[in-house]
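Peer 1: Provide a 3D model corresponding to the input given below.
(chains A and B)
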Amino acid sequence: MRGRPGSAFWLLQHELRMFWFNNGRRSKRRNWLAPVLVTLWLALHGLAVFLLRKMPDVPPSVLQFVAMAATVLLVVLATFMFSSGLKGSVDSLFERGDVDLLLSSPLPSRSIFTVRLGAVTLGVALVYLALVAPIVNAGLFIGHPEWLALYAVILAWATIWCSLGMLLTLLLVRVLGARKTRVVAQVISAIAGALLFLLAQAQNLAPNGGPEAFQGMVADYVTPGSILAPDSAVWWAGRAVTGSSAHVLGLVCVAIALFLFTVHFTHGFFVRGLQQAVSTVRARSKPGAAAQGRFGRSLVQVVLRKEWRLIARDPHLLSQVLLQLLYLLPLGFMVLRSEEHAAPGVAAGLTMLAASLATSLTWIIVAAEDAPDLLQASPAAMRVVRRAKVAAAVIPILLLVAVPLAWAVAHDAVTGLLMCLTVVAATLCAALTGLWQGRPAARSSFQRRAKGNWVAFVVDLVGTVSWAATGFVLIRAASPGQNAYDARWAGISLALALLTLLLAWSTRRRAG
Amino acid sequence: MSASVALLLQDVSKHFGRPAVAHLDLTIRRGELYALLGPNGAGKTTTLRMVAGLLAPDGGRIEVMGVDLAKDPASAKQVIAYLPDDPMLYDKLKPMEYLEFVAGLWGVSAREAAPRAAELLDWLDLSKHGHELTEGFSRGMKQKLALAGALIHAPQLLILDEPLTGLDAAAARQVKDLLLHHVEAGGTVILTTHILEVAERMAQRIGIIQHGRLIAEGTLDELRARTDGGTLEEVFLQLTSPA
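Peer 2: Below is the predicted model of the structure:
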């Protein structure tokens, strides 16, 4: 069925087609993937029916605890949905190239906005709908048609969080302007996505007592009469998951109301926001100090300055790279608290983080070179340029990890030095892998850099994990009371890391 | 190779599945402004990219100022500047920083580069935009900055691919003046353009390339003599239209 050209339904079809092109469609070589995934998905239905038939029915007395667990799960989903919704909204405002075309068409802006928000919501909900489908559909076979309500709950939940994401995007545009919104939304989106990790670390970071004290604190809050008591309204959304019609209806009503609110009150702002987004991207930057030329520097200095300037002046890209540092926070606390038993884990974490940052920076500096023709047309020795680029990627990372490493060395020289060894080696190997395997790309495709370059991705991943494992096992082996077992594993992981580097070198792209 | 020859192409070929440039012979003299014309897909850009050292020819020989490009690319590139039709600048650099980087690539000393950069930015009317990042520049401003970058090391051979595309009248005039000044100062320019009036007015010699082969070459009068005469546009259309 095709919508009348120019109608909202027709536009929705266009959006879904674009969603398919951008996310679903793969190259012809991977045509086999879709049927395999569908077959697996159908097989999961069979498995779900089999398992659910063996499970006893949930007694009504347990339902309130199921609702509590479901609410926690929904909160977890909310962080992902909000993160995706925010990203989708920013994409709609900043990344799509069809904005001018749509706004200059006679389509009502309300339709454009409705369809955009609807498409973002559907795109976000689709993954979760597909994930729960085997269980919900299996429910039909085993006599639980009420489980179908889960579809409505997920759609409603996605609508709520995507609408909030869109509203926050518009608010940010109003307060910060379009240019900064892109960066701030990126950061919020990543923090929302990383929230789970940080929350999971909360019990490790809890002062005075650690995990046990943390669990005790949580238990106090779920006692009857307290704010998180099983009959509290806090678990309202979870009760919808358990099939309570009133709660499902309530949730759907909230979602529809929020969607309509977003559409009704903000479509005008959306148009203004879009125009601002488009015009700001094209606008000239604010006047700053006129640059004074510093000529006559060496080639290496010139390349280093240029690369660091480009990165430092691209807050959007910089935020994407530095967000990885969020994961450093718990590690940093552990180092500062000098937890001896945590040293191997800290070493592995720091090693992975440094290598991951090196991979990102090397991709930006080497693969995403903006003017490769300029470099190639110049008489500058490409060997020197490439080395300078690797240095430009590695130096900031080493400066960044220098503080925790220095702290670790000061606290325990052997452990600290071993940590330094694996961190530096992993950073260099990641940078070299990026240098040898990187394919030319635009900076804007940073988040999609792994796509289409699976060899580099796998080599990089295996190398990073191997170095992290080496750091972990080496430090364990160096601890008092450890036997040669750990040293053997250290040798194996080190060999794997070096083999990976050799593979990266032997399959390197030839410089043009 | 004669000392008066700036660029020599002998039997140069390049294939991309089909021949893009086929056994091309071309000689450009020092101090000459040479316009290489041709229909879309004729092989103009491929030729220029080979001369700039960005593409290796499948066959033949290229000499720049007497230096074999294949044998000593660094020396040849030292005296070349190449400006593609869509020059890629660094969005997050300011004009002077861009020139600083390009000067560094060519190893130009501070004593030479600093005054030259200031002079070029002044000449191209970009000094007043010195505090801006190039991401906010218009197409014409970007083209002018790229040209300034191409001239920062005072190249002997300037290779320009469609240098006037997207420029407004004032900017086009500035660029044309700069090119003529470069030639008057003894430099050599080879450019491609679809704006035939530019070639007609500026070029001392014109080469017409089609299907990767040079089908006609000479001054405008010489080309006219080979056809029914008229404007360069009429000459061009007669020479390139299918028989």
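Peer 1: Secondary structure element holding residue B:13?
Peer 2: Using DSSP states H and E, residue B:13 falls within strand B:5-16.
Peer 1: Alpha carbons of that strand, as PDB, please.
Peer 2: In PDB, the C-alpha atoms belonging to strand B:5-16 read as follows (Å, rounded to 0.1, in the frame of the first residue of the first chain):
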ATOM      1  CA  VAL B   5      60.500  23.100 -21.400                       C
ATOM      2  CA  ALA B   6      58.600  23.200 -18.100                       C
ATOM      3  CA  LEU B   7      56.600  20.000 -18.600                       C
ATOM      4  CA  LEU B   8      57.000  17.100 -20.900                       C
ATOM      5  CA  LEU B   9      54.700  14.200 -21.300                       C
ATOM      6  CA  GLN B  10      55.800  11.400 -23.600                       C
ATOM      7  CA  ASP B  11      53.500   8.500 -24.500                       C
ATOM      8  CA  VAL B  12      51.700   8.800 -21.200                       C
ATOM      9  CA  SER B  13      48.800   6.400 -20.700                       C
ATOM     10  CA  LYS B  14      46.400   5.600 -17.800                       C
ATOM     11  CA  HIS B  15      43.600   3.000 -17.800                       C
ATOM     12  CA  PHE B  16      40.700   2.700 -15.300                       C
END
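Peer 1: does it come close to chain A?
Peer 2: No. Looking at strand B:5-16 against chain A by Cβ under 8 Å from any Cβ of the partner chain, there are no contacts, and the closest approach is 14.7 Å. In short, each C-beta sits where N, CA and C put it, glycine included.
Peer 1: Now that strand: buried residues?
Peer 2: Residues of strand B:5-16 classed as buried by neighbour count (16 or more other Cβ atoms under 10 Å in any protein chain shown): B:5, B:6, B:7, B:8, B:9, B:12, B:13, B:14.
Peer 1: pLDDT score for residue 21?
Peer 2: Using chain A here. What the model reports for residue A:21 is a pLDDT of 69.
Peer 1: wait, I meant chain B there
Peer 2: If you check residue B:21, the pLDDT there is 93.
Peer 1: So what pairs up with it in the strands?
Peer 2: In this structure, residue B:21 has the following beta-bridge partners (DSSP bridges): residue B:14.
Peer 1: Does it touch residue B:43 like I think?
Peer 2: Yes. Because the distance of 4.4 Å satisfies Cβ atoms under 8 Å, residue B:21 is recorded as touching residue B:43.
Peer 1: more crowded one of the two?
Peer 2: residue B:21 (29 against 25; other Cβ atoms under 10 Å in any protein chain shown).
Peer 1: Compute the distance between that one and residue B:217, please.
Peer 2: 15 Å (Cβ to Cβ, to the nearest Å).
Peer 1: Let me have the buried residues of strand B:5-16 in a markdown table, adding distance to residue A:180 as columns.
Peer 2: Compiled in a markdown table, the buried residues of strand B:5-16 are given as follows (distance: Cβ to Cβ, whole Å):
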| residue | distance to residue A:180 |
| --- | --- |
| B:5 | 56 |
| B:6 | 50 |
| B:7 | 49 |
| B:8 | 54 |
| B:9 | 51 |
| B:12 | 51 |
| B:13 | 52 |
| B:14 | 47 |
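Peer 1: Centre of the chain to the top helix by length along chain B, how far?
Peer 2: Counting residues, the longest helix found in chain B (DSSP state H) is helix B:169-184. Centroid separation for helix B:169-184 versus its chain: 13 Å, with Cα atoms, centre = their mean, to the nearest Å.
Peer 1: pLDDT on that helix, on average?
Peer 2: 91.
Peer 1: My guess is residue B:199 contacts residue B:206. True?
Peer 2: Yes. Assessed by Cβ under 8 Å, residue B:199 is found in contact with residue B:206 at 5.6 Å.
Peer 1: Next, show the common contact partners of the two.
Peer 2: Here residue B:199 and residue B:206 have B:35, B:37, B:232 as joint contacts, going by Cβ atoms under 8 Å, 6 or more residues apart in numbering or on different chains.
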